[in-house]
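Colleague: Structure for the following, please:
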Amino acid sequence: MEKIISMDKQGRLYIPEDIRKMLQIKTFVIKSQDNGMFLEPIEDDPIEALGNLGREKLKNKSIKQLKKEAREDIVKNVF
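Modeller: Take a look at the predicted model:
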């Protein structure tokens, strides 16, 4: 989704309501990128976000499959 927005006199950006509702994130890191900027969201609770990522990675996988994937990652990243 793309929208054209502008800064006010104090340099503030207004993020349209539909985008705010879609993202449901209130904190961002701003990064300069080439000739512009990039807003990267920061989770309200980063520890919880990491836990959720872990749960998704482990979902519906056997211990055997997880061990196989771990070994493949080691081989790929070490050798």
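
Colleague: what helix or strand is the most far-flung residue of the chain relative to its centre on?
Modeller: Taking CA atoms, centre = their mean, the residue of the chain most remote from its mean C-alpha position is residue 9, at 29.9 Å. Counting by DSSP states H and E, no helix or strand carries residue 9.

Colleague: Ramachandran coordinates for it?
Modeller: Dihedral angles of residue 9 (phi, psi; degrees, to the nearest 10) stand at phi -60, psi -30.

Colleague: tell me the strands in this protein, going along the chain?
Modeller: With strands called from DSSP state E, the chain shows them at 27-33, 36-42.

Colleague: ok, and for the last one, which residues are buried?
Modeller: By neighbour count on 16 or more other CB atoms under 10 Å, the buried set for strand 36-42 is empty. Every residue, glycine included, has its C-beta placed from N, CA and C.

Colleague: List the neighbouring strands of that strand plus their orientation.
Modeller: strand 27-33 (antiparallel) (DSSP bridges).

Colleague: In PDB, could you pull the C-alpha coordinates for the partner strand?
Modeller: The C-alpha trace of strand 27-33 is given here as PDB (Å, rounded to 0.1, in the frame of the first residue of the first chain):
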ATOM      1  CA  THR A  27       7.200   2.600  17.500                       C
ATOM      2  CA  PHE A  28       9.500   2.700  14.500                       C
ATOM      3  CA  VAL A  29      13.200   3.100  13.700                       C
ATOM      4  CA  ILE A  30      13.800   5.600  10.900                       C
ATOM      5  CA  LYS A  31      16.700   4.800   8.500                       C
ATOM      6  CA  SER A  32      18.000   6.900   5.700                       C
ATOM      7  CA  GLN A  33      18.100   5.000   2.400                       C
END
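
Colleague: Out of the strands of the chain, the one nearest residue 55 is which?
Modeller: When these are compared by CB to CB, strand 36-42 sits nearest residue 55, at 19.6 Å.

Colleague: can you give me the offset of that closest one from its chain's centre?
Modeller: Computed by CA atoms, centre = their mean, to the nearest Å, the chain-centroid distance of strand 36-42 equals 10 Å.
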